[in-house]
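Undergrad: Mind looking at a prediction? Sequence and model below.
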Amino acid sequence: QPQVEIYPVQSGSLPQTDRLVCAVMDFYPPELEVKWLKNGQEETEHVVSTKVMQ
């Protein structure tokens, strides 16, 4: 069963959170697509993805 964690990240001295991180673990097969939605619409601007980490 895949596990998903989403958590806020602060950068710099800003008091508010300006980033979200999504970590997906324990999934198989290793092909996986994660999408961010904002108000029901896919958010593609300022989205960074990484390859599968071992």
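TA: Okay, I see it.
Undergrad: What residue in the protein is the furthest from its centre?
TA: S13 (22.0 Å; C-alpha atoms, centre = their mean).
Undergrad: For it, which three-state class applies?
TA: Assigned with DSSP: H, G, I helix; E, B strand; the rest coil, S13 falls in the coil class.
Undergrad: State the helix or strand in which E5 lies.
TA: strand 3-9 (DSSP states H and E).
Undergrad: now swap in C22 and tell me
TA: strand 19-25.
Undergrad: Return the list of strands paired to that strand, each annotated with direction.
TA: strand 3-9 (antiparallel) (DSSP bridges).
Undergrad: Contacts for the strand it pairs with, please.
TA: T17, D18, R19, L20, V21, C22, A23, V24, M25, D26 (C-beta atoms under 8 Å, 6 or more residues apart in numbering). Where C-beta positions appear, they are placed from N, C-alpha and C, glycine not excepted.
Undergrad: Distance of the third one relative to G12?
TA: In this case it means R19. 11 Å (C-beta to C-beta, to the nearest Å).
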